[in-house]
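Trainee: Here's my sequence, what's the structure:
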Amino acid sequence: MARKGNGSPTIRDVAHLAEVSIKTVSNVINGHPPVRPATRERVEDAIARLNYHVNVSARNLSRGRTGAIALVLPSVRGVYFAELADAVTREAAKAGLTVFIQLTDDQRDRERRVLDGSYRSVVDGAIFSPLALTQDDVALFDTDFPLVLLGERIFDAGVDHVTMPNVESVRAATEHVIALGATTVVPLGAKEDPSSSSGTLRMEGFRQALEAHGLSLDPRAVIDVRDYYHSTGAAVMAEILDRGVTPDAVVAFSDTLALGALATLADRGLRVPEDVRLVGFDNIEETRYSRPPLSTIDPGREKIAARAVQMLEERIQWRLDGLTREQQPEPRKVVVDFELIARASTRASGS
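Mentor: Residues are numbered from 1 along each chain as shown. Predicted coordinates for the structure are as follows:
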């Protein structure tokens, strides 16, 4: 059934198509019982056919706000995301906000739910770090739901975005070990990914540093990784050595990869930093307590959390103030500064 006119579908349209009351539609949208399964299915089918979205602005104006936001992450098995979740939760608490953490496990359908209206009845907005969605999915971000994007998978999506300078930071890490005398530098964390990602961007920074100093990269040392866990770093470091590559420096694209590599190097009788200088990325807490303590890139995790919460809170408030999407400020992009933290894993002899 097609709607007459050019306006957006309303809850009344959904009720008419599903042949139920407006109250029943509201109960389905908000997850309130009791609604019989067959009735719920009819309502959900009508919502999908009409491409109906809840009017967040009108609802907030009528009943206030939930006081909750969603933090949508791929997982928290990776230490960086666990520490990011902690930072966001602390920042949100300062603003009186509760944080619901949703893990997508890199599943495309789970990430799409952030954008299709599924979150609107329970939270006021979301901080979203997608991995399955790509630049080809930019159109999905055309939503009036308050949203702040994190990460490097998608750019220019028409929403606020907080990110880090992946290319420049890894170039700085690579130049750090080159300045200390390294000539056979290998990357740890390369990803064969045609779309933008942290792995591809960091690999670009690594290559730029080698080219700037006239150094070549042994192709045997470039091994695609599936993830950035400790076990992966250990396994890939072992494979690089087994291929006959003898590095005097390793630039890992995450601290967990670097710490896994550190274990393998020790098992093979290679000393850090005397034989191999090692630098990571993320400045997770564990890096201060490894032996030796790990040099790393601090990507500004605390700043990322603070800016993301602040920007989302502003979007939510503008919506509550009755500003339409067109009346609000243009989407903002914030690139947080990084810091190279030099510790004992790259320390020059005698320093």
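
Trainee: can I assume L265 is in contact with A238?
Mentor: No: applying Cβ atoms under 8 Å as the test, L265 and A238 come out as separate, 9.4 Å apart. Placement of C-beta: from N, CA and C, glycine included.

Trainee: Who has more neighbours out of these two?
Mentor: Higher neighbour count among L265 and A238: L265, with 21 against 17, using other Cβ atoms under 10 Å.

Trainee: Contact partners for that one?
Mentor: For L265, the contact set (Cβ atoms under 8 Å, 6 or more residues apart in numbering) comprises 237, 250, 271-272, 275-276, 278.

Trainee: One more: Q102?
Mentor: Residues near Q102 by Cβ under 8 Å, 6+ apart: 70-73, 110, 114.

Trainee: so of those, which ones are in helices?
Mentor: Judged by DSSP state H, the contacts of Q102 include R110 as members of helices.

Trainee: so which of the contacts of Q102 comes closest to T89?
Mentor: Checking the contacts of Q102 against T89 by Cβ to Cβ gives L71 as the nearest, at 7.6 Å.

Trainee: pLDDT wise, what is the nearest residue to D144 once chain neighbours are set aside at?
Mentor: In space, and not counting its chain neighbours, D144 is closest to R325: 4.9 Å by Cβ to Cβ, 6 or more residues apart in numbering. R325 is assigned 84 on the pLDDT scale.

Trainee: now the one 4 residues further on
Mentor: What the model reports as pLDDT for P329 is 92.

Trainee: now swap in the one 10 residues further on and tell me
Mentor: Taken from the predicted model, the pLDDT recorded for E339 is 98.

Trainee: what about it, neighbour count?
Mentor: Counted with other Cβ under 10 Å, E339 comes out at 12.

Trainee: one step back: and the residue nearest to D144, how far from L257?
Mentor: Distance check for R325 against L257: by Cβ to Cβ, to the nearest Å, it reads 40 Å.

Trainee: neighbour-wise, which of the two wins?
Mentor: Of the pair R325 and L257, L257 is the one with more neighbours under other Cβ under 10 Å, namely 29 against 16.

Trainee: By mean pLDDT, point me to the weakest helix or strand of this protein.
Mentor: helix 56-63 (a mean of 49; mean pLDDT, DSSP states H and E).

Trainee: so what's T287 up against?
Mentor: Applying Cβ under 8 Å, 6+ apart, the residues near T287 are 255, 258-259, 280, 293-294, 296, 343.

Trainee: Nearest to L320 among those?
Mentor: Here the nearest of the contacts of T287 to L320, counting by Cβ to Cβ, is D255; it sits at 39.4 Å.

Trainee: Report the beta-bridge partner residues of the closest residue to the closest one other than its chain neighbours.
Mentor: Nearest non-adjacent residue to D255, counting by Cβ to Cβ, 6+ apart: G280, 3.9 Å away. G280 has these beta-bridge partners by DSSP bridges: T296.

Trainee: for L149, helix, strand, or coil?
Mentor: strand (DSSP: H, G, I helix; E, B strand; the rest coil).

Trainee: Can you pull out the low-pLDDT segments for the stretch 251-351 of the chain?
Mentor: When residues are selected by pLDDT under 70, those of the stretch 251-351 of the chain lie in 348-351.

Trainee: all helices for it, in order.
Mentor: Counting by DSSP state H, counting those that start in this stretch, the segments of the stretch 251-351 of the chain that form helices are 255-267, 301-320.

Trainee: Deepest-packed of those, please.
Mentor: Most buried of those by mean neighbour count (mean count of other Cβ atoms under 10 Å) is helix 255-267; its value is a mean of 23.

Trainee: returning to what we had before: pipe the contacts of T287 into JSON lines and attach distance to R332 per row.
Mentor: Shown next, in JSON lines, are the contacts of T287 (distance: Cβ to Cβ, whole Å):
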{"residue": "D255", "distance to R332": "29"}
{"residue": "A258", "distance to R332": "32"}
{"residue": "L259", "distance to R332": "35"}
{"residue": "G280", "distance to R332": "30"}
{"residue": "P293", "distance to R332": "36"}
{"residue": "L294", "distance to R332": "33"}
{"residue": "T296", "distance to R332": "28"}
{"residue": "R343", "distance to R332": "34"}
